[in-house]
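Peer 1: I need the structure of the sequence given here:
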Amino acid sequence: MRKLIIGLLVSFAAATWLCWNGQGIAYYLNEQFVAIDALYYLTGLSIAGFLFYLLGAYFLFCLFKRRGKLTPVLAVIVVIYSIGAVLSSYFALFVTAMWWG
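Peer 2: Numbering: from 1, shown residues only. Purely as a prediction, here's the structure:
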């Protein structure tokens, strides 16, 4: 159970960081590594952020399966996770779409 909660927190933090800071990370990767267009780095980082959110949703599903019922703590976690994931994903999608033109 503890591993699932830690995995959920790590995936949520990593996905949120990738989605909100993707543009800066893309510029950094463009300068420090292969000098391809930063647009491709941003697209990859956005997709990675979405995948981390899906991984966190899987961890939430496993928590529900183990507990068998919705406790108040899990309800708060689901609400915070849902709001954070939706807002961050839409922001990353918006930024990526603006870069693609």
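
Peer 1: centroid residue for the chain?
Peer 2: Centrality entry for the chain: nearest residue to the mean C-alpha point is A15, 2.3 Å, by C-alpha atoms, centre = their mean.

Peer 1: once you drop chain neighbours, what's closest to that one?
Peer 2: Nearest residue to A15, sequence neighbours excluded (C-beta to C-beta, 6 or more residues apart in numbering): F52, at 3.4 Å. The C-beta positions use only the backbone N, C-alpha and C, and glycine is treated the same way.

Peer 1: dump the residue contacts of that neighbour.
Peer 2: 11-12, 14-15, 18 (C-beta atoms under 8 Å, 6 or more residues apart in numbering).

Peer 1: distance to K3 and pLDDT for the residues you listed - can I get that in TSV?
Peer 2: Shown next, in TSV, are the contacts of F52 (distance: C-beta to C-beta, whole Å; pLDDT from 0 to 100):
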residue	distance to K3	pLDDT
S11	12	96
F12	15	96
A14	16	97
A15	18	97
L18	22	96
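
Peer 1: could I get the buried residue list for the helix or strand hosting A13?
Peer 2: For A13, the host element (DSSP states H and E) is helix 2-20. Judged by neighbour count using 16 or more other C-beta atoms under 10 Å, the buried positions of helix 2-20 are 4, 7-8, 11-12, 14-16, 18-20.

Peer 1: this protein: helices as residue ranges?
Peer 2: 2-20, 22-32, 38-67, 72-100 (DSSP state H).

Peer 1: so S11 sits right up against Y53, yeah?
Peer 2: Yes - if you go by C-beta atoms under 8 Å, S11 and Y53 touch, sitting 7.4 Å apart.

Peer 1: ok, now how distant is the residue nearest to L39 when sequence neighbours are not counted from P72?
Peer 2: Counting by C-beta to C-beta, 6+ apart, W99 is the residue found nearest to L39 once chain neighbours are left out, at 5.1 Å. W99 is 41 Å from P72, where distance means C-beta to C-beta, to the nearest Å.
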